[in-house]
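Student: take a look and give me a structure for this.
(one chain, ligands or ions: 1)
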Amino acid sequence: MPKTIIVSNRLPTKVLRTPDGLSFQPSEGGLATGLGSIYRQDGNMWVGWPGLFVEDESEEGFVRTQLAEDSMAPVFLTEQEIHDYYEGFSNGTLWPMFHYFAQLPVFDEALWEAYVTVNQKFCQAVLAQAGPEDTIWVHDYQLLLLPQMLRAARPHSTIGFFLHIPFPSYELIRILPWRRELLEGMLGADLIGFHTFGYMRHFLSSVAQLLGLPNQHGRIETPTRSVLVDAFPMGIDYERYAQAAASEAAQAHVQEYRAALKDVRVILSIDRLDYTKGIAQRLRAFALLLQRYPELRGHVSLLMVVVPSRDQVAQYASLKEEIDELVGRINAQYRTISWNPVHYFYRAFPFDELAGLYRLAEVAMVTPMRDGMNLVAKEFVASKADQRGVLILSERAGAARELADALIVNPTDTGQLAEALHEALVMPDEEQEHRMSNMQALVKRYNVFAWSRLFMERLAYAKTQQLNLATA
Ligand code: F6P
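Tutor: Predicted structure coming up:
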């Protein structure tokens, strides 16, 4: 039976080197958590990097065997490739550019060459797994060249591509020296998906202006094939989050946190360490809230979880220092013997503890500078069984296109953010319930299963259309 092969830079399991040997743990990030629920079905599999540099062939063999048991096939990267392709071109060039941090990208031919080489490495790994009838679904900005490489090797294969980050304006894309190659790489797919209509529009405009290929209702005719482009806002595994938050384990964690916090109200912030997430701006807004509303001091805390990420990339290391300093300054200024303004954790939380935090918090602050979608916003919504709680959401997160009942803010406007926090803290219960139930209905319906089903149906349709054209 034909299967679907999911391909992404990072596997949903990451392998860590510990003093006791190699340890296998769930990966962080929206892609891994979002697709993690579905890839195990129907004999499907996942090809990607296990997140560490293996030392020898026996270690490589061990990792390969372990991952195979869970339907994963690893692509091993050398230390140099991790530096040049992952930290370099993917996260030092494409990531800042696609998130509108236009001063940060590095333009370095050697990094680009590593990006091409590693995309080729992924191509070989996928070809080793893929039968002619299999569907190949490639994910994200680390693998923009892969669809075209696969197409060259397998002209008739069904290939989908989904971008999990924003696709920026043509004015940014045109700055990249390798802009044509990147767009042509994506066009190797039969279907290209984005989280929002806005990202899709930017892509179509870039393809028209840089490659001279117009579109008709999202269909691009290349000289050899036609490619469909569409928007598919990604969802979460709603029931998994709802059930986890309602579980006894989460309830036990809530009791434990409550006992420690007494009756202090909790504002929650959870992100990977990233300058796109607006973490420092959020801290400044919380400090402003305490300054403007002194009556809240002693009664509200910001519980901030920052999950370590990409700490070998210079901007991430300096952001970590900025956050440490800001937290220190706010706590030094306002804390009392019995109250801590900011509870700051620089680590990942196990799933049931996370569920406890979602359940505990009255307000979630999801205020990225730019974000393709942001699934934390949806996870918070799914966790609120009693429909109490307020989501403060950046207008520049893809999720804001759907979650109109959140308090929508401009994340750079510190004053507006502080006022939104205040509004959330004084919002009447009925209004909270009204907003939350509207958002829950949407997040429940357009969950990750609906998202992948829709994408796969559309991909099958795109392929049929092509076959019809070829035989016409
Ligand atoms: O959603 C964007 C993304 O880069 C995913 O591709 C990735 O799984 C996640 O963020 C985490 O990033 P990284 O794999 O670099 O830790």
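
Student: C-alpha only now, for contacts and for neighbours.
Tutor: Noted.

Student: which strands and helices sit next to the helix ranked longest in the chain?
Tutor: In the chain, taking DSSP state H as the definition, the longest helix is helix 448-471. Secondary-structure packing of helix 448-471 (3 or more C-alpha pairs under 8 Å, 6 or more residues apart in numbering; DSSP states H and E): strand 158-162, strand 191-194, strand 226-231.

Student: that one to strand 158-162, inter-axis angle?
Tutor: On the basis of axes from the mean of the first three to the mean of the last three C-alpha atoms, to 10 degrees, helix 448-471 is oriented at 130 degrees to strand 158-162.

Student: need the helices and strands packed on helix 448-471 in JSON lines with mean neighbour count, can you?
Tutor: As requested, those are exported to JSON lines (neighbours: other C-alpha atoms under 10 Å):
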{"stretch": "strand 158-162", "mean neighbour count": "27"}
{"stretch": "strand 191-194", "mean neighbour count": "27"}
{"stretch": "strand 226-231", "mean neighbour count": "22"}
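
Student: nearest to A285, out of the ones you listed?
Tutor: strand 191-194 (30.9 Å; C-alpha to C-alpha).

Student: note down every partner strand of the closest one and its orientation.
Tutor: Strand 191-194 has its sheet partners listed here by DSSP bridges as strand 158-162 (parallel), strand 226-231 (parallel).

Student: now do the longest one: distance to the chain's middle.
Tutor: Centroid displacement of strand 226-231 relative to its chain, using C-alpha atoms, centre = their mean, to the nearest Å, is 21 Å.

Student: quick one: mean pLDDT over that strand.
Tutor: Strand 226-231 carries an average pLDDT of 97.

Student: what is the subsequent helix or strand relative to it?
Tutor: Using DSSP states H and E, the next helix or strand after strand 226-231 towards the C-terminus is helix 238-246.

Student: do the same with the shortest one
Tutor: Sequence order places helix 170-173 as the next helix or strand after strand 158-162, per DSSP H and E.

Student: ok but G51 is inside a helix, no?
Tutor: No: assigned with DSSP: H, G, I helix; E, B strand; the rest coil, G51 falls outside any helix and is coil.

Student: the strand or helix carrying G198 versus strand 226-231: what angle between them?
Tutor: Using DSSP H and E, G198 sits in helix 197-211. For helix 197-211 against strand 226-231, the angle by the same axes, to 10 degrees is 150 degrees.

Student: who are the packing partners of helix 197-211?
Tutor: Going by 3+ C-alpha pairs under 8 Å, 6+ apart, helix 197-211 lies up against helix 170-173, helix 179-186, strand 226-231.

Student: who touches the longest helix of the chain?
Tutor: Residues outside helix 448-471 that contact it (C-alpha atoms under 8 Å, 6 or more residues apart in numbering): 34-35, 38, 158-160, 190-191, 193, 225-228, 232-238.

Student: try stretch 183-202
Tutor: By C-alpha under 8 Å, 6+ apart, stretch 183-202 touches 144-151, 158-170, 207, 226-234, 372-373, 398, 401, 455, 458-459, 462-463.

Student: from the stretch 251-400 of the chain, which residue is nearest to the ligand?
Tutor: S309 (5.5 Å; C-alpha to the nearest ligand atom).

Student: show me what contacts that residue?
Tutor: R272, L273, D274, Y316.

Student: do whatever helix or strand I136 lives in and the ligand meet?
Tutor: When elements are assigned from DSSP H and E, I136 belongs to strand 135-139. No: judged by C-alpha under 6 Å from any ligand atom, strand 135-139 makes no contact with the ligand; its nearest approach is 7.3 Å.

Student: from R335, how far out is L296?
Tutor: Using C-alpha to C-alpha, to the nearest Å, L296 is found at 12 Å from R335.

Student: which residues does the closest residue to A377 other than its chain neighbours contact?
Tutor: Spatially, and ignoring its direct neighbours in sequence, A377 is nearest to V366 (6.3 Å; C-alpha to C-alpha, 6 or more residues apart in numbering). Residues counted as contacts of V366 (C-alpha under 8 Å, 6+ apart) are S269, I270, V376, A377, L391, I392, L393, S394.

Student: ranges for the strands of the stretch 201-350 of the chain?
Tutor: 215-216, 219-221, 226-231, 265-272, 300-307, 342-346 (DSSP state E, counting those that start in this stretch).

Student: lowest-confidence entry in the contacts of S309?
Tutor: Y316 (92).

Student: any idea how far the residue nearest to A377 lies from L290?
Tutor: 19 Å.

Student: same check on G328?
Tutor: Relative to L290, and taking C-alpha to C-alpha, G328 is found at 15 Å.

Student: neighbour-wise, which of those two wins?
Tutor: L290 (21 against 13; other C-alpha atoms under 10 Å).

Student: hmm, that one is touching H299, no?
Tutor: No: the criterion here is C-alpha atoms under 8 Å, and L290 misses it with H299 at 10.2 Å.

Student: same question for the next helix or strand after the strand holding I136: list its buried residues.
Tutor: Following strand 135-139 in sequence order, the next helix or strand is helix 146-153 (DSSP H and E). Buried residues in helix 146-153, defined by neighbour count with 16 or more other C-alpha atoms under 10 Å: L146, P147, Q148, M149, L150, R151.

Student: ok, now which ones touch the nearest residue to D271 once chain neighbours are set aside?
Tutor: Spatial nearest neighbour of D271, excluding adjacent residues (C-alpha to C-alpha, 6+ apart): V306 at 5.3 Å. By C-alpha under 8 Å, 6+ apart, the contact set of V306 is I270, D271, R272, L273, Y344, F345, Y346, R347, A348.

Student: likewise I159?
Tutor: Contacts of I159 (C-alpha under 8 Å, 6+ apart): T135, I136, W137, V138, P147, R151, G188, A189, D190, L191, L459.

Student: how does it look with 6 Å?
Tutor: I136, W137, A189, D190 (C-alpha atoms under 6 Å, 6 or more residues apart in numbering).

Student: can you name the residues bridging to the residue nearest to the last one when sequence neighbours are not counted?
Tutor: Of all residues beyond its chain neighbours, the one nearest D190 is V227 (5.0 Å), with distances taken as C-alpha to C-alpha, 6+ apart. The residues paired with V227 through beta bridges, assigned by DSSP bridges, are I220.

Student: gap between V227 and A252?
Tutor: 51 Å.

Student: can I assume P177 sits in a helix?
Tutor: No: assigned with three-state DSSP, P177 falls outside any helix and is coil.

Student: for I236, give me the pLDDT.
Tutor: 94.

Student: does it really touch R445, like I thought?
Tutor: No: taking contacts as C-alpha atoms under 6 Å, I236 lies outside contact range of R445: 10.0 Å.

Student: mind checking which of those two has more residues around it?
Tutor: I236 (26 against 14).

Student: from the ligand, how far off is the residue lying closest to the more buried one once chain neighbours are set aside?
Tutor: Computed as C-alpha to C-alpha, 6+ apart, the closest residue to I236 that is not its neighbour in sequence is V448, at 4.6 Å. To the ligand, V448 is 14 Å away according to C-alpha to the nearest ligand atom, to the nearest Å.

Student: tally of neighbours for R272?
Tutor: Neighbours of R272 (other C-alpha under 10 Å): 20.
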